[in-house]
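Colleague: No letters, just coordinates:
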Ligand code: SF4
């Protein structure tokens, strides 16, 4: 017991240090949001995740953000259970035809101001499902997207860098 206590004191935290925001994400946000909108984003955000037809690998990486290693909440970012409590919709998948209306309704249920982040290559342009008859296409075909975080799936660190870009002060660029 004493040894464990001593080890915990000398070892230091095991969590990942705060990464720098992703430069590409900052550039995209500067293009998609005007200065006023960036200021309204603030330093803490509530996020509602929406699976619009993904293969669920993107969700596995998103779930990892809540573990003790990445510990998303220490940056002021937290997941919420309802779009009515959300500032940001984090959308995965190539928006299947079956999910198109549900996604639009979720967006309508989210109070203004709100922002949409599309996660994964599927959410960008349909990815490997792009030619499917069952798919509408990337999230931007259905909703206005402020930020894309690409990858198949994007790693937790890539997600973290993109999300941290969201809470960077708007006048950095
Ligand atoms: S981007 Fe890749 S991991 Fe994410 S939903 Fe599409 S196929 Fe799955």
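Modeller: Good, I have the coordinates. Everything numeric here is computed off the predicted structure, so don't read it as measured data. Residues are numbered from 1 along each chain as shown.

Colleague: Listing partners with orientation, what would you give for the lengthiest strand in the chain?
Modeller: For the chain, the strand with the greatest residue count under DSSP state E is strand 45-51. Strand 45-51 pairs in its sheet with strand 77-79 (parallel), strand 88-92 (parallel), by DSSP bridges.

Colleague: Go through stretch 126-145 and flag the buried ones.
Modeller: Neighbour counts using 16 or more other C-beta atoms under 10 Å place 126-127, 129, 135-140, 142-143, 145 of stretch 126-145 among the buried residues. No exception for glycine: its C-beta is placed from N, CA and C like everyone else's.

Colleague: what's the helix or strand of the chain with the lowest mean pLDDT packed up against?
Modeller: Taking mean pLDDT, DSSP states H and E as the measure, the helices and strands of the chain show their lowest mean at helix 35-41, namely a mean of 71. Helix 35-41 is packed against no helix or strand, with contacts defined by 3 or more C-beta pairs under 8 Å, 6 or more residues apart in numbering; DSSP states H and E.

Colleague: for it, the distance to its chain's centre please.
Modeller: Averaging C-alpha positions (C-alpha atoms, centre = their mean, to the nearest Å) puts helix 35-41 17 Å from its chain's average.
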